[in-house]
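Undergrad: Here is my input, please return the structure:
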Amino acid sequence: MATHHALRDTVPSTEPQKSGAIHPLWVRLTHWLNALAAIVMMLSGWRIYDASPIFPAFHFPPAITLGGWLGGALQWHFAAMWLLVFNGLLYLALNLASGRFVRKFLPVSPRAVLHDFVAALTGKLSHADLRVYNAVQKFAYLFVVCDLIVLVLSGLAIWKSVQFPLLRELMGGYDNARIVHFCAMSLMAAFIAVHLVMVALVPRSLLAMLRGR
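TA: Residues are numbered from 1 along each chain as shown. Just a heads-up that it's a prediction; the model follows:
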């Protein structure tokens, strides 16, 4: 009975927004730790990229990188990597164990995503109940989870290329693994930018992720 009541707060509702928890504490903590780790990895990764660019004509401005120099950037990058891996695994495990993953993110279909995307562009997408994710949100969150997994695996293929030859070959070799890593990073940066825009449009979502309601 206690478990039933604990999980009930996370079950989506089609009713107008009512009082009560929108995001349990563990969701909020793992969300912000994941966000911190991803941003630190991205900024330090830009400094690492500048030390050996994949595309020689493209560099990131030093002012928006983290680490100051290659050695410092690598230390930041690896520290954030371990935080992202362990916190990300905890986030996924708790979502799956509680059933929240299925309730929040599934089902989702291309037709539903297209419908809600058009509704969002025309200002007709409702945000009355923040406990219910629309199809665009479901797709975006599932996408970023997959993207972060690709980031970690491609990063591992670069970092431990000799120790994980199969992973390296699945990425198309060391040089291609760097390209995969760069593309996955770029997609994550795009997700963060879109996510910030959506938060600005629906500021209640930020409050809900800070205080749970």
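
Undergrad: Which other helices and strands does the strand or helix carrying His31 contact?
TA: Under the criterion of DSSP states H and E, His31 resides in helix 25-51. With contacts taken as 3 or more CB pairs under 8 Å, 6 or more residues apart in numbering; DSSP states H and E, helix 25-51 sits against helix 70-98, helix 135-159, helix 174-201, helix 204-211. All C-beta atoms are positioned from the backbone trio N, CA, C, and that covers glycine.

Undergrad: Give me the below-cutoff pLDDT ranges for this structure.
TA: 1-20 (pLDDT under 70).

Undergrad: Now with 90, please.
TA: Along the chain, segments meeting pLDDT under 90 span 1-24, 56, 68, 100-104, 106-109, 112, 115-137, 194-213.

Undergrad: tell me, what residue is most central in it?
TA: Val144 (4.3 Å; CA atoms, centre = their mean).

Undergrad: I figured it was touching Ala190, is that so?
TA: No: checked against CB atoms under 8 Å, the pair Val144 and Ala190 is beyond contact range at 9.9 Å.

Undergrad: thinking again about what came up before, which one of the helices and strands packed on helix 25-51 is the most hemmed in?
TA: helix 135-159 (a mean of 19; mean count of other CB atoms under 10 Å).

Undergrad: what's that one packed up against?
TA: By 3+ CB pairs under 8 Å, 6+ apart, helix 135-159 packs against helix 25-51, helix 70-98, helix 100-105, helix 110-121, helix 165-170, helix 174-201.

Undergrad: any chance of those in a markdown table, plus distance to Arg211?
TA: Output for the helices and strands packed on helix 135-159, formatted as a markdown table (distance: least, CB to CB, whole Å):
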| stretch | distance to Arg211 |
| --- | --- |
| helix 25-51 | 8 |
| helix 70-98 | 19 |
| helix 100-105 | 19 |
| helix 110-121 | 25 |
| helix 165-170 | 41 |
| helix 174-201 | 15 |
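
Undergrad: Any idea which of those helices gets closest to Ile64?
TA: Counting by CB to CB, Ile64 lies closest to helix 25-51 out of these; the figure is 6.8 Å.

Undergrad: Please spell out which residues along the closest one are buried.
TA: 27-28, 30, 33-34, 37-38, 40-50 (16 or more other CB atoms under 10 Å).

Undergrad: between the helix holding His31 and helix 70-98, how big is the angle?
TA: Calculated by axes from the mean of the first three to the mean of the last three CA atoms, to 10 degrees, helix 25-51 forms an angle of 150 degrees with helix 70-98.

Undergrad: How far away from the center of its chain is helix 25-51?
TA: Distance, stretch centre to chain centre, for helix 25-51: 9 Å (CA atoms, centre = their mean, to the nearest Å).

Undergrad: Report how many residues lie close to Arg213.
TA: By other CB atoms under 10 Å, 16 other residues sit near Arg213.

Undergrad: Please report the distance of it from Leu25.
TA: Arg213 is 11 Å from Leu25, where distance means CB to CB, to the nearest Å.
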